[in-house]
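Asker: need a structure here:
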Amino acid sequence: MTIKCPNCGHVEEEGTLFCSQCNTKLVDEQGRHTMSIGGQNLGGLPTDRLRQQDADPEVYSQEALLSLHLIRSGEIVPLPGTGEFIIGRVSEGQSILPDVDLEPFEAYEAGVSRLHALVSVKETDCTITDLGSSNGTLVNKQPIQAHSPYMLNNKDIVRLGRFDIQILSHKS
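Answerer: Numbers count the residues shown, from 1 in each chain. Got it, this is the predicted structure:
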């Protein structure tokens, strides 16, 4: 049996979660309830001040050189100072945990691996490295090669599987 994408009309096998052509969610999740985290404090800043995508980066964090704007939820996650940060999702029984856990934001359903990518923040530049993830990493719709650092710029869109993040650089 097949299902038709309501967005682009592409035909997919029944049980497919996302359209392979346009990434539209194909599964109705009416019975599924999640807790809203709007207005919560992330990194000491109230998120209701941080909703506007193109707002001045100075608003996001005083200490962070880089923040991650989780496009689907609107949340802003500041990365404190310089260093390396693994982005992924926590799963039961996992021995190595990511620094940024995207599981509360439906990361599993979006195809984010447990240890998906490494973001390296330095005073002069920022890079992202795919850690051999199952569903790959794209920067501005271009796939990046696994295990090779890729330079990031302010307002770049990073896609982990089907999970979109906007890079917000706070460097002067």
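
Asker: can you list the domain ranges for this protein.
Answerer: Domain ranges of the chain: 1-28, 45-169, per automatic domain parsing.

Asker: in the shortest one, what counts as buried?
Answerer: Under the neighbour-count criterion of 16 or more other C-beta atoms under 10 Å, domain 1-28 has 5, 12, 18-19, 23, 25-26 buried. To be clear about C-beta, it is placed using only N, CA and C from the backbone, and glycine gets the same treatment.

Asker: ok, so of the residues you listed, who is nearest residue 96?
Answerer: Nearest to residue 96 among the buried residues of domain 1-28 is residue 18, at 27.2 Å by C-beta to C-beta.

Asker: need the buried residues of domain 1-28 in TSV with pLDDT, distance to residue 153 and secondary structure, can you?
Answerer: Output for the buried residues of domain 1-28, formatted as TSV (pLDDT from 0 to 100; distance: C-beta to C-beta, whole Å; DSSP: H, G, I helix; E, B strand; the rest coil):
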residue	pLDDT	distance to residue 153	secondary structure
5	79	32	coil
12	81	34	strand
18	70	27	strand
19	73	29	coil
23	70	23	coil
25	70	29	strand
26	70	33	coil
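
Asker: could you dump the residues you listed into a markdown table and include distance to residue 106?
Answerer: A markdown table is the format used below for the buried residues of domain 1-28 (distance: C-beta to C-beta, whole Å):
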| residue | distance to residue 106 |
| --- | --- |
| 5 | 19 |
| 12 | 19 |
| 18 | 12 |
| 19 | 17 |
| 23 | 14 |
| 25 | 10 |
| 26 | 15 |
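
Asker: closest to residue 108 among those residues?
Answerer: Looking across these and measuring by C-beta to C-beta, the closest to residue 108 is residue 18, at 12.7 Å.

Asker: dig out what the closest one forms beta bridges with.
Answerer: residue 25 (DSSP bridges).

Asker: tell me the most buried of the domains of the chain?
Answerer: Comparing the domains of the chain by mean neighbour count (mean count of other C-beta atoms under 10 Å), domain 45-169 ranks first with a mean of 17.

Asker: output the contacting helices and strands for the helix or strand hosting residue 164.
Answerer: Secondary structure assignment for residue 164, by DSSP states H and E: strand 163-169. The contact analysis (3 or more C-beta pairs under 8 Å, 6 or more residues apart in numbering; DSSP states H and E) places strand 163-169 against strand 64-70, strand 157-160.
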